[in-house]
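> Here is my input, please return the structure:
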Amino acid sequence: MVKQDDQIPYARINTAKLEGLSPAPLSASKIPGHMLRVGIRAGLLGFSIRAGIGFLLRLVRVAKGKATLVDSIRRTLTSKELRLFAYFFASFGAVWKGVNDTLRLLRGVDDKLNGFVAGACAGVSLAFEEKGRRVAIAQQFLVRGLQCVFSGLKARNLFHLPNGDSLIFALASAQIMYAYSLHPSTIPKSFYKFILTTGPIPERVLQYVRMNNAGDALDVGDVVQTIQKHHATVQAVDEVMRMGALPKAIPCTVLHPWTQACNLNSAWVFKKVFKKILPVYLTLTFVPMALLKLKEFIRQPVPLGRRALSNALRSSIFLSVFVSSYQWLICGQRNLIKLNFLSGDHKLAYWIIGALASLSIFIEDGKRRAELAMYVLPRGVDSLYRVLRHRDLVPKIKYFEIFMFSMGMGMIISFLQTEPQAMGGMLYRLLRRVNLAVEDKDRGQLPEVKKEYVEVKKETVERRLPTDKR
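Next comes the predicted model:
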């Protein structure tokens with residue numbers, strides 16, 4: 001192990017010697033051919049992936065008798081989405097390898113700068129995709145790129161925020177719950193529908209909350225009809241009749257008209273969410289195990305099954321606590337208004353309560369917290385941007401999603417080629433397999449991720465490349 005000198009920055013990198021991992025740079029005359037070969041392979045790979053997914057989705061319609069097998073195959077192979085995805089994959093692969101080859105030839109080193117520039121240039125290929133898909137793809141890969149950067153900084157002891165993933169989850173979830181309660185158009189429709197069906201509040205009641213916060217008068221008769229559809233008690237109907245068209249806040253008797261007890265309602269919410277989400281988590285836990293670790297599962301079915309069941313139960317409890325605590329805190333706010341401790345409902349309250357409910361993340365396993373944070377972060381940021389854009393507080397930037405994707409892929413490719421241990425395991429394995437599929441056989445290897453690490457001077461992270469003797 002190299003001893004640390006004063007004022008010299010150190011990095012934690014793979015024990016595998018970096019020298020010699022990369023083949024010699026291609027000569028200028030060979031780069032176009034390399035780009036063409038990689039582009040064709042990447043295009044075929046993208047075509048196959050998209051066709052496979054599209055065909056599987058259409059098979060569901062075939063199974064239900066809503067489409068024929070021949071028609072499903074024809075529609076899959078002629079779909080516009082299939083062509084665009086193939087163009088996207090082909091152009092990304094060709095530009096990535098072409099720019100990287102050129103920089104390696106000109107600079108004589110294989111470092112993060114090469115990877116960042118190559119990945120960022122290749123990111124422009126996202127323009128082939130449709131606008132709706134571009135935004136979702138860009139968000140996810142920008143977040144993954146930032147995750148690589150922070151992991152690299154943490155490994156070098158340059159930056160570390162204890163429970164940073166939990167903080168990110170809390171901030172993003174606060175914005176998402178604010179959007180769910182007051183501005184549902186700022187989050188994806190499918191995501192909003194998931195929250196709506198998982199939670200206990202009917203859509204019509206949420207509309208009353210939004211109207212009340214906007215200062216719009218309520219139709220009391222319509223509110224009564226709504227709560228009666230949800231088994232309202234006599235006391236609930238009586239209170240709603242007396243609340244007026246402009247109440248300080250939509251009362252608990254509207255949020256849960258079937259019972260006057262807020263604590264009892266929160267317990268019911270926990271039970272409802274747990275029963276609904278447990279089968280989902282069991283599927284998400286056992287199916288990947290059966291597909292990816294089948295041999296290991298056959299050898300050790302009891303310990304692996306026990307661990308999978310424990311993880312599913314833990315995740316189900318986390319989500320159930322999150323939803324029920326959000327409902328309980330909303331009821332608490334209503335009770336404070338009723339006791340005149342608060343003057344009335346406030347939009348910011350939904351954001352704060354969302355952040356407080358997010359403390360339930362500590363129920364989850366530490367590794368899962370980071371994944372959950374990465375899942376909600378792009379949705380929270382996108383919602384915040386849309387809210388600010390609606391209020392003309394931020395400018396509208398054309399093709400900003402392509403810029404985000406380019407920055408994200410620049411960071412990802414730079415770490416993929418030089419420091420893969422800073423990447424998430426699943427992301428690295430996926431990109432490594434893609435690289436092996438599209439690259440020439442003698443150039444497809446990437447640095448392996450080892451468990452052992454050594455401290456070395458940062459200057460040695462650069463790999464001096466041999467010259468092309470071919």
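> Could you check how many residues crowd around the closest residue in space to residue 79 that isn't next to it in sequence?
Excluding its sequence neighbours, the residue lying closest to residue 79 (Cβ to Cβ, 6 or more residues apart in numbering) is residue 54, at 6.3 Å. For every residue, glycine as well, the C-beta is placed using N, CA and C. Neighbourhood size, residue 54 [other Cβ atoms under 10 Å]: 18.
> Give the other helices and strands that the helix or strand encompassing residue 54 contacts.
Secondary structure assignment for residue 54, by DSSP states H and E: helix 31-63. Taking 3 or more Cβ pairs under 8 Å, 6 or more residues apart in numbering; DSSP states H and E as contact, the helices and strands that helix 31-63 lies on are helix 69-78, helix 80-107, helix 425-438.
> For it, what does the pLDDT average out to?
For helix 31-63, mean pLDDT is 88.
> got the buried residues for it?
Across helix 31-63, burial judged by 16 or more other Cβ atoms under 10 Å covers 31, 34-35, 37-39, 41-43, 45-47, 50-51, 54-55, 58, 62.
> now stretch 383-397
383-387.
> One more: stretch 408-428?
Going by neighbour count (16+ other Cβ under 10 Å), the buried part of stretch 408-428 is 408-423, 427-428.
> ok, now stretch 398-406?
For stretch 398-406, by 16+ other Cβ under 10 Å, it's 401-406.
> Sort out which of those residues are in helices and list them.
401-406 (DSSP state H).
> Please produce CSV containing the residues you listed, extended by pLDDT.
Formatted as CSV, those follow (pLDDT from 0 to 100):
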residue, pLDDT
401, 89
402, 93
403, 93
404, 91
405, 94
406, 95
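> one step back: adding distance to residue 88, write the buried residues of stretch 398-406 out as CSV.
Output for the buried residues of stretch 398-406, formatted as CSV (distance: Cβ to Cβ, whole Å):
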residue, distance to residue 88
401, 13
402, 11
403, 16
404, 15
405, 10
406, 13
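> And those, which is closest to residue 239?
residue 401 (47.4 Å; Cβ to Cβ).
> Looks like the closest one contacts residue 126 (just checking).
Yes. Using Cβ atoms under 8 Å, residue 401 is in contact with residue 126, at 7.3 Å.
> joint contacts of the two?
134, 137-138 (Cβ atoms under 8 Å, 6 or more residues apart in numbering).
> Reformat the residues you listed as JSON lines; add neighbour count and secondary structure.
What follows is the shared contacts of residue 401 and residue 126, written out as JSON lines (neighbours: other Cβ atoms under 10 Å; DSSP: H, G, I helix; E, B strand; the rest coil):
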{"residue": "134", "neighbour count": "20", "secondary structure": "helix"}
{"residue": "137", "neighbour count": "17", "secondary structure": "helix"}
{"residue": "138", "neighbour count": "25", "secondary structure": "helix"}
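> just the residues you listed now: which is nearest residue 337?
Distances from residue 337 to the shared contacts of residue 401 and residue 126, taken by Cβ to Cβ, are shortest for residue 138, at 41.0 Å.
> Next up, the contacts around the closest one.
126, 401-402, 404-405, 408.
> about what we covered before: was I right to think the residue nearest to residue 79 contacts residue 83?
No. Between residue 54 and residue 83 there is no contact under Cβ under 8 Å: 11.6 Å.
> For residue 321, which non-adjacent residue is spatially closest?
residue 360 (4.2 Å).
> what about stretch 145-163, distance to the chain center?
Distance of stretch 145-163 from the chain centroid (Cα atoms, centre = their mean, to the nearest Å) equals 18 Å.
> err, stretch 38-48, not the other one
On Cα atoms, centre = their mean, the centre of stretch 38-48 falls 25 Å from the chain's centre.
> what's the answer for stretch 89-109, then?
With Cα atoms, centre = their mean as the basis, stretch 89-109 stands 28 Å off its chain's centre.
> what residue ranges in the stretch 251-400 of the chain are flagged as low confidence?
Counting by pLDDT under 70, the stretch 251-400 of the chain shows low-confidence ranges at 290-293.
> Tell me how many other residues crowd the closest residue to residue 36 other than its chain neighbours.
Nearest non-adjacent residue to residue 36, counting by Cβ to Cβ, 6+ apart: residue 94, 7.1 Å away. Residue 94 is flanked by 24 other residues according to other Cβ under 10 Å.
> same thing with residue 189?
Residue 189: 9 neighbours (other Cβ under 10 Å).
> what packs against the lengthiest helix in the chain?
Taking DSSP H as the criterion, the chain has its longest helix at helix 301-338. Under the contact criterion of 3+ Cβ pairs under 8 Å, 6+ apart, helix 301-338 touches helix 252-255, helix 262-292, helix 294-299, helix 347-357.
> Repeat the analysis, applying 7 Å as the threshold.
When contacts are defined as 3 or more Cβ pairs under 7 Å, 6 or more residues apart in numbering; DSSP states H and E, helix 301-338 packs onto helix 252-255, helix 262-292, helix 347-357.
> Mind listing what's buried along it?
In helix 301-338, counting by 16+ other Cβ under 10 Å, buried: 304, 308, 311-312, 315-331, 333-334, 337.
> Contacts only, for residue 204.
Residues counted as contacts of residue 204 (Cβ atoms under 7 Å, 6 or more residues apart in numbering) are residue 226.
> The one helix or strand it maps to: which residues count as buried?
Residue 204 belongs to helix 203-213 when assigned by DSSP H and E. Neighbour-count burial for helix 203-213 flags 205-206, 208-209, 211-213 (criterion: 16+ other Cβ under 10 Å).
> and the next element down the chain from it?
Following helix 203-213 toward the C-terminus (DSSP H and E): helix 220-228.
> who does that following helix touch, helix- and strand-wise?
By 3+ Cβ pairs under 7 Å, 6+ apart, helix 220-228 packs against helix 203-213, helix 234-243.
> Helix 203-213 and that one, what's the angle between them?
When axes from the mean of the first three to the mean of the last three Cα atoms, to 10 degrees is applied, the directions of helix 220-228 and helix 203-213 differ by 140 degrees.
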